[in-house]
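Novice: No sequence on hand, only this structure:
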């Protein structure tokens, strides 16, 4: 299966596939739940801090790395995954990855989807886009999503951001915008 974006590569690994773009690993597509030994494990573990999460919104599904780690950690929350690129989800579907359940796939723009979505215990921004030979966060991470998260988190909900260095303004300004 060839990813739709010509800058995206898909490489077979011992445990599934690795989805990369411009040399950056976007996701480990695992055939079974388990650790990825990467930032995706940290995001999954952070979802479990605090009150039990029943509904998790995952903006940027990739190949399900966060979900594989969540399930390996014993999390049975409903995951609402949003991504414009179905490559990873299709691979998992074809492989019969029933361990994703309970799982809802939304092949939409994350901002548009979140505007019409309900409330969640955890919202994870793991979005990225290719730009000028690199992988960066979309502008929405810095100027739209923080406000949307406020309205779509349950009272004790948590927001998690997998941040990459902002193109403009540097880390301090970027983190201030998200906060």
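Specialist: That came through, no problem. It should be emphasised that the depicted structure is a prediction, and the values quoted were computed from it without experimental measurement.

Novice: And the longest strand belonging to the chain, what's buried?
Specialist: Looking only at the chain and at elements set by DSSP state E, the strand with the highest residue count is strand 153-161. Using 16 or more other C-beta atoms under 10 Å as the test for burial, strand 153-161 gives 153-154, 157-161. (Each C-beta comes from the backbone N, C-alpha and C, glycine too.)

Novice: Same check on stretch 112-123?
Specialist: By neighbour count on 16+ other C-beta under 10 Å, the buried set for stretch 112-123 is 113-114, 117, 120-123.

Novice: Next step: these restricted to helices.
Specialist: Secondary structure assignment by DSSP state H places 113-114 of the buried residues of stretch 112-123 in helices.

Novice: Can you tell me which of the buried residues of stretch 112-123 is closest to residue 49?
Specialist: Out of the buried residues of stretch 112-123, the one with the shortest distance to residue 49 is residue 122. That distance is 9.2 Å, counting by C-beta to C-beta.

Novice: In stretch 92-101, which residues are buried?
Specialist: Applying a neighbour-count criterion of 16+ other C-beta under 10 Å, one finds 92, 97, 99-100 buried in stretch 92-101.

Novice: Quick check: the two most widely separated of those?
Specialist: Farthest pair in those, by C-beta to C-beta: 92 and 99, 9.0 Å.

Novice: on that earlier part again, tell me the angle whichever helix or strand comes after the longest strand of the chain makes with strand 153-161.
Specialist: Toward the C-terminal end, the helix or strand that comes next after strand 153-161 (DSSP states H and E) is helix 170-178. Using axes from the mean of the first three to the mean of the last three C-alpha atoms, to 10 degrees, the direction of helix 170-178 lies 170 degrees away from that of strand 153-161.

Novice: any residues touching helix 170-178, and which ones?
Specialist: Judged by C-beta atoms under 8 Å, 6 or more residues apart in numbering, the contacts made with helix 170-178 from elsewhere in the structure are 141-143, 146, 161, 163, 165-166, 169.
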